[in-house]
Structure formats: structure tokens, C-alpha cells
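> Give me a model of this one.
(one chain, ligands or ions: 1)
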Amino acid sequence: MKIYDWYEGPYPARVRIALAEKGWLSKTEFVPINLWTGEHKKPEFIAINYSGTLPVLELDDGTLIAECTAITQYLDALDPSCALTGTTPTEKGVIHMMTKRAEIEFLDAVAVYFHHATPGLGPLVELYQNPEWGNRMRDRAVRGMYYFDRVLQTQPYVAGDAFSMADIAVIGGMIFSALAQLPVPAECAALHEWYTRMQTRSSVQQWKAMVDAERLQRKA
Ligand code: GTS
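Predicted coordinates for the structure are as follows:
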């Protein structure tokens with residue numbers, strides 16, 4: 001299995017954490033696509049993923065699967081024993097809904113804020129910016145933080161009683177909000193407590209160790 005991604009990226013983090021949950025990080029080849037130089041917008045990469053985004057999974061037979069949710073669903077189908085997308089019809093439905101909600105109301109909104117209302121990836125990559133739209137999405141992301149805080153006041157995980165792909169999507173939101181310097185309000189105590197708990201998970205620790213190691217390696 002091959003993953004095209006960029007080591008620091010919040011969306012790539014989602015797939016790296018899912019791979020770590022499965023114990024498959026070490027048997028995956030990671031191909032770096034440099035977001036800061038706009039490698040993901042070059043025709044060579046657009047041929048791999050029409051959307052020009054990371055991550056993308058390439059299977060040994062050449063099949064390409066983009067989109068974090070689709071990649072996670074594929075990994076789960078390979079290894080149903082550690083289900084991140086649920087096992088019963090109800091779990092599958094709720095996890096899908098909460099993952100989509102985490103994207104729309106939090107992670108994707110932070111991403112739009114980053115690309116439109118901050119310098120984002122820099123002038124070579126951010127060819128069109130709409131700060132008003134970016135700031136609207138910043139406000140949506142903050143409302144999303146309060147929403148997930150309320151969810152986590154009454155249940156231990158984003159989609160209920162078990163860790164799932166929906167938690168990983170909210171983790172992506174937390175990573176991106178730190179990167180975009182859009183702090184989660186201190187009063188979102190349940191969200192902060194949950195995130196502290198998520199950081200004690202082996203998969204999240206493995207992801208962080210990988211990022212730290214690559215950061216050091218690139219500085220050297
Ligand atoms: N819906 C996609 C998914 O779930 O995979 C979104 C992927 C996405 O936006 N990835 C980011 C990207 O390629 C990677 S990162 O920002 O997390 O590092 N962004 C580049 C861009 O120019 O939008």
C-alpha cells in the first residue's frame with residue numbers, strides 16, 4: 001500500500017491514525033507531496049487525484065482511492081476486526097453522520113478559514129482568496145467546537161460509546177485549528193478533556209512521533 005500525503009497535514013493525519021489503529025503504519029509506503037510548493041496542484045498529481053488534495057491511497061494493482069472517509073472505509077473492509085466505521089447498521093449510520101458533521105462543521109470549515117482568511121500555503125498556492133468567506137467559515141468552525149463540546153458532555157466518544165472514524169475526523173479538526181491558530185475556547189471543557197484522552201491513544205502517539213521524526217529529519 002502506498003499513501004501520497006504530506007507529513008504535517010491534518011487530513012493526512014486522519015489516515016495515518018487509522019493505519020496506526022490497524023497496526024499497518026510500518027508496512028505502508030508514504031510518498032511526500034509538498035503542499036507548500038503546490039505539488040498537489042501540478043498536472044502529475046491531478047492525474048492521481050482530480051481534487052488535488054491529500055491523502056490518496058494507491059493499491060498494489062494501481063487503484064487510487066482519495067478522500068479520508070473512503071480510505072478509512074477501505075481499510076476497515078480489509079480488517080473488520082478493528083472497526084473504525086462501525087459494525088451494526090446503526091453504528092455505521094451514526095459514525096458516517098458524525099464524521100460528515102465533523103468535516104462540514106469543523107475540519108473543512110477550519111481549512112477554508114486557513115486557505116481564505118490567513119496566508120494559508122502562501123501566494124504561489126493560494127491563487128484565489130476570499131477573506132469574507134474564510135471568516136464566515138471560521139465562525140462556523142467555532143460553532144462546531146461548541147457543538148462537539150456539547151456532544152462530548154454526554155458520551156465518551158464523538159459517535160457514542162466507542163472510538164471511531166468520527167473521533168479521528170474531530171482530531172483532524174483539532175490539529176488544523178492549532179495549525180491555523182484558531183484556538184478551541186477554554187470553556188469547551190469536554191472537548192479539551194476528550195482531546196487530552198485522545199492523545200494518550202497509541203495510534204495518535206504513533207502519528208505524532210512520525211510527524212516529529214520527519215520534521216527533525218527535514219530540518220537536518
Ligand atoms: N475531503 C478531502 C479528504 O477528506 O481527503 C479533503 C482533503 C484535503 O483538503 N487535504 C488537504 C489538502 O490537500 C491536506 S492538509 O491541508 O490536511 O495537509 N489541502 C491542499 C489544498 O490546497 O486545499
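
> Residues touching stretch 173-189, excluding its own?
Residues outside stretch 173-189 that contact it (Cβ atoms under 8 Å, 6 or more residues apart in numbering): 8, 10, 13, 102, 106-107, 110-111, 113-114, 118, 138, 141-142, 144-146, 148-149, 191-192, 195. (C-beta placed from N, C-alpha, C; glycine too.)

> and K92, how far is that from the ligand?
In this structure, K92 lies at 18 Å from the ligand, with Cβ to the nearest ligand atom, to the nearest Å as the measure.

> tell me which element the residue nearest to that residue when sequence neighbours are not counted falls in.
For K92, ignoring the flanking residues on the chain, the nearest one in space by Cβ to Cβ, 6 or more residues apart in numbering is G86 at 4.0 Å. Assignment of secondary structure by DSSP states H and E places G86 within no helix or strand.

> So which residues of this structure form helices?
Assigned by DSSP state H, the chain shows helices spanning 10-22, 43-46, 68-78, 89-102, 108-117, 131-154, 165-179, 189-198, 202-219.

> just to revisit the earlier point, near the ligand too, which of the contacts of stretch 173-189?
Subset of the contacts of stretch 173-189 in contact with the ligand: P10, A111, counting by Cβ under 6 Å from any ligand atom.

> per-domain residue ranges of this structure.
Partitioning the chain according to automatic domain parsing yields domains covering residues 2-83+204-219, 89-201.

> Just the terminal-to-terminal distance for the longest one.
Translated: domain 89-201. End-to-end distance of domain 89-201: 26 Å, with Cα to Cα, to the nearest Å as the criterion.

> which residues sit in contact with the one residue in the chain that gets nearest to the ligand?
Closest approach between the chain and the ligand, counting by Cβ to the nearest ligand atom: G9, at 2.2 Å. G9 makes contact with L35, L54, P55, according to Cβ under 8 Å, 6+ apart.

> Repeat the analysis, applying 7 Å as the threshold.
When contacts are counted by Cβ atoms under 7 Å, 6 or more residues apart in numbering, G9 is found next to L35, L54.

> Okay, now the unreliable bits of the chain?
Scanning the chain for pLDDT under 70 picks out nothing.

> Can you tell me which residues in it are near the ligand?
Taking Cβ under 6 Å from any ligand atom as the contact definition, the chain meets the ligand at 6, 9-12, 35, 40, 53-54, 67-68, 111, 115.
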